[in-house]
Each structure stands twice: as C-alpha cells, then as structure tokens.
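>>> next one to model:
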Amino acid sequence: MNLFDDPILRNQLKPLTLTRPVGKLRIGIQTIVEKWAYFYNDEIGFLTEEYLQKKFKVISNSDLYVNASVLPNEEIWQAINALTEGEALTKNGDFIAVRTSQNLSLNFEYQQFTQKEYPENISIIKKLPDLFLQNAEQITADFKRITKGRESQEIKDPFTRVYSPENVFLEDGADVKAAIINAENGPVYIGKNAVLQEGCLVIGPAAIGENSMVAFGAKIRPNVTLGPVSRVGGEVGNSIFMGYSNKAHDGFLGNSVIGEWCNLGANTNNSNLKNDYKEVTLYDYNLGELAPTGEIFCGTFMGDYTKAGISTMFNTGTVIGVCSNVFGGDFQEKFIPSFTWGGKMAGYENYRFDKAIDVIIATMSRRNLSLSEEDIEILRWVNVQKSVKKLT
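From the prediction side, this is the model:
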C-alpha cells in the first residue's frame, strides 16, 4: 500500500510537510502511517514530492493507494480493502483510495477510475488547525487500539493521585512521581520510559510519548500529544509536539503544532485567541498570503529544526518555517519563512545553510543521533525553494 499526498492538502499542511510526507504527521498517539499499519499487515510506502522520495520511498508494485490525509478506522479500512481493480472510493468529493495496477504519479487524475461513494463519516486532515481539532478523538481511538487486551504498568508512587485509573495506561519503564493525572474526560497514555516529574498535572485526553518528560510543576491541559523524546514544561493545551522537541521551561502554548527538533526558550508564549474574538487568519502556502481559518482559537505552527529564544512572543495564528532561529522582543511576524534568522525588533535575515546544519548536527548529537545525507538534501531543497515574502 502507498499513502499518497494530495498536492493541495499537502500545501495546506506546510510547514510540517516541508520535511515529511503527510503520512508521517503525528496526531493522537501515533503517526498516520502507524495507524494504517495496524490495519494493513504489509509494507507501506509514500507517494509524495520528488525531493522527499529518496528518504520516503514509494512501493512500485503496490496496487492500493490511500489518501494520506484520511485517518483510518475499521469501517473505512473494510471499504478500502473491498475495492477491486479500477475502483476508487470517494466521500463528498474527497478522494479516499483506489485499487489499480497502474504505477501512479503524484498528480494522477482519480476521475479515470470507477467511483464508489463511502456512506459513513470520515476523518480527514485538510488544514493545519485540523491537527489539534481532531487530536482528542485520535488520542481516544489510538488508546483503545494500542491498549486492547493489555495490562498497564502499576503506578507505585504513593504521592501520585489518579482520577479514573481505568483510563490511564503506562508502558514499561514509565516513571511517575507526585503527579496528578485526571483521566475522567479522556484517556492518558504514558509511553515507554516516559517521566512525569514531581508536581505536574496531566488532564486527559493526553499522550506522553516514549522517552518524553513532563517537567515538574507543568500543566498539561486536555488534547495534548507529546511525541517521543520531548521535554515539556509550563502550560500546554490543545497542542501537538511531533517529537524530539523541547519546551522545558515556563510559558504558555495553546492550539499549536510543533515539529521535530524544535526548541522553545524559557518564557516563550503564544497567543491562541485574538482580543476581539474574531476569526484567526493563517499563512496559506497555496495562496502565498494570509487566509481565514474558520477558527477563533488558533496558535503557532512551527516547522522542524526551528528554535525560539527566551521570552519570544508569537501572535495568534503564526506560521514559522523549517530551520529558523527567532528571538527578540515584541510579537513576531505572523509568517516567518524557512531558514530565517532574527526577530521583529532586530529584523530578519537569511539563515546561512551551513550554519543551520551545524546547529542541527550539534542538537541531534545530544540524543546520540545524526543527520542523514538524505535529510541534508531535503533541507537543501527547502532552503532553495523557500518563500521570501514577509507578512505582518
């Protein structure tokens, strides 16, 4: 099976998809491809942009193509699996899947196939806010699937208080001390070797990924996902950390999605609600300008490898590209392109590619990991193609 990127939806999910196909986005506990792997017991490939295909490979002999923005469940999988040669599954104009012996290219025309309308509701990620808007539902669905028939590790710490313990699951090695876990309104999943430090509060639905840490005194509000190897403190709500990212100190983050290998300095804060309670606008990579989101609550969307200095302030509906280093006083611009260095007060300039790569290598070495040549080539492509338009 191949998960294919719809070109329009892929653009609407940038900057997170600048460095990965849509199927590698994390929502709920797992990435989209990890969810599909539960239903499809074979190798899964990616039909995505050419510059990503060296790392994220397509399976050339597969006869099944599924829209990577569609979130799976048992019903949708049964409908997809029942497709015969030349049949495509659609829902209200959205293309879900096709079975064909053709080797498809990214911009294939689905109208050439016999279309079958799917009768049930589907969950599909079409724009950036959908990631946090559907996160609670996906945490709950992933929790049921991952923990089915399994027994949670016991919380032995006598000073930890748990509400609705039947909705809390700890993987092996998870360490919880003097914490409050409230799973009355949604499950709380704590991954392998994850740490909840003293005095932290976690309210479900929430997912704390493998080898991640919730810092002492942190307040994890509902609908939060911490991907693997993340360090998070302060106050966080309705947000997703893709993984390997840090917000270790105080500061508020709400209605946001943070990519991998990002760092938010101490007292970094974002606005997720305008003072006049009006609809939030967000940079749209399809249009090259700000566009309405239909949402009142909307925070920050940060691409991989981006860092924010101490006391950085992000405005309501801010998009920051890949490999940027943002710092200084005043609210930052609502759109900051990839490979940008600076801040609103000092001004923005291009971030030298070699310097950015050096910082990434140093960052990853702290986790005993390294940047691959494939990753460097992806970043080189992003640097060359980056937008130069600045918006206030």
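>>> please count neighbours and contacts with C-alpha atoms only from this point.
OK.
>>> ok, N255 - contacts?
Counting by Cα atoms under 8 Å, 6 or more residues apart in numbering, N255 makes contact with P129, F132, G237, N238, S239, N272, F297, C298, G299, T300.
>>> do you know how far the closest residue to Y65 other than its chain neighbours is from Q138?
The spatial neighbour of Y65 that comes closest, neighbours along the chain excluded (Cα to Cα, 6 or more residues apart in numbering), is N2 at 4.9 Å. Distance, N2 to Q138, by Cα to Cα, to the nearest Å: 21 Å.
>>> go on, N11?
Note on N11: its distance to Q138, by Cα to Cα, is 22 Å.
>>> if you count surrounding residues, which of those two has more?
Q138 (24 against 21; other Cα atoms under 10 Å).
>>> okay, now the residue nearest to Y65: neighbour count?
25.
>>> and it, what does it touch?
By Cα under 8 Å, 6+ apart, the contact set of N2 is I44, G45, F46, L47, V58, I59, S62, L64, Y65, V66.
>>> do K127 as well
L9, Q12, L13.
>>> ditto for C298
So C298 contacts P129, G254, N255, S256, S271, N272, L273, V280, T316, G317 (Cα under 8 Å, 6+ apart).
>>> measure the nearest residue to it once chain neighbours are set aside to D157 for me?
Spatial nearest neighbour of C298, excluding adjacent residues (Cα to Cα, 6+ apart): N272 at 4.8 Å. Distance, N272 to D157, by Cα to Cα: 35 Å.
>>> which one of the contacts of K127 is nearest to L71?
Closest approach to L71 among the contacts of K127 (Cα to Cα): L9, at 13.8 Å.
>>> pLDDT value on that closest one, please?
pLDDT, L9: 95.
>>> gap between it and V280?
L9 is 19 Å from V280, where distance means Cα to Cα.
>>> hey, what's L282 bridged with?
A291 (DSSP bridges).
>>> touching, it and G294? I think so.
No: between L282 and G294 there is no contact, the gap being 10.0 Å when judged by Cα atoms under 8 Å.
>>> ok, which stretches of the chain are helices?
7-12, 32-39, 74-81, 128-133, 135-147, 353-365, 373-385 (DSSP state H).
>>> okay, those helices, which one's buried deepest?
The highest average neighbour count among those, using mean count of other Cα atoms under 10 Å, belongs to helix 128-133 at a mean of 22.
>>> neighbours of G259, just the number please.
27.
>>> out of everything not next to it in sequence, what's closest to it?
Closest residue to G259 apart from its sequence neighbours, by Cα to Cα, 6+ apart: D304 at 4.5 Å.
>>> can you pull the contacts of that neighbour?
L16, T19, I258, G259, E260, W261, C262, G321, V322, C323.
>>> among those residues, which ones are in strands?
I258, G259, E260 (DSSP state E).
>>> any stretches of this protein with poor pLDDT?
387-392 (pLDDT under 70).
>>> residue with max distance from the center of the chain?
Distance from the C-alpha centroid of the chain, by Cα atoms, centre = their mean, peaks at P158 (34.3 Å).
>>> distance check, it against F241.
30 Å.
>>> sorry, back to before: which of the contacts of C298 has the largest number of neighbours?
Among these, the one with the most neighbours (other Cα under 10 Å) is G317, at 31 neighbours.
>>> how much space is there between that residue and D284?
With Cα to Cα as the criterion, G317 and D284 are 11 Å apart.
>>> what does L253 give?
21 Å.
>>> who has more neighbours, these two?
Using other Cα under 10 Å as the criterion, L253 and D284 rank with L253 on top: 26 against 21.
>>> wait, isn't the more buried one in contact with E235?
Yes: using Cα under 8 Å, L253 is in contact with E235, at 6.4 Å.
>>> what's F301 in contact with, if anything?
So F301 contacts P15, L16, L128, S256, V257, I258, G259, G317, T318, V319, I320 (Cα under 8 Å, 6+ apart).
>>> again, only using 7 Å
S256, V257, I258, T318, V319, I320 (Cα atoms under 7 Å, 6 or more residues apart in numbering).
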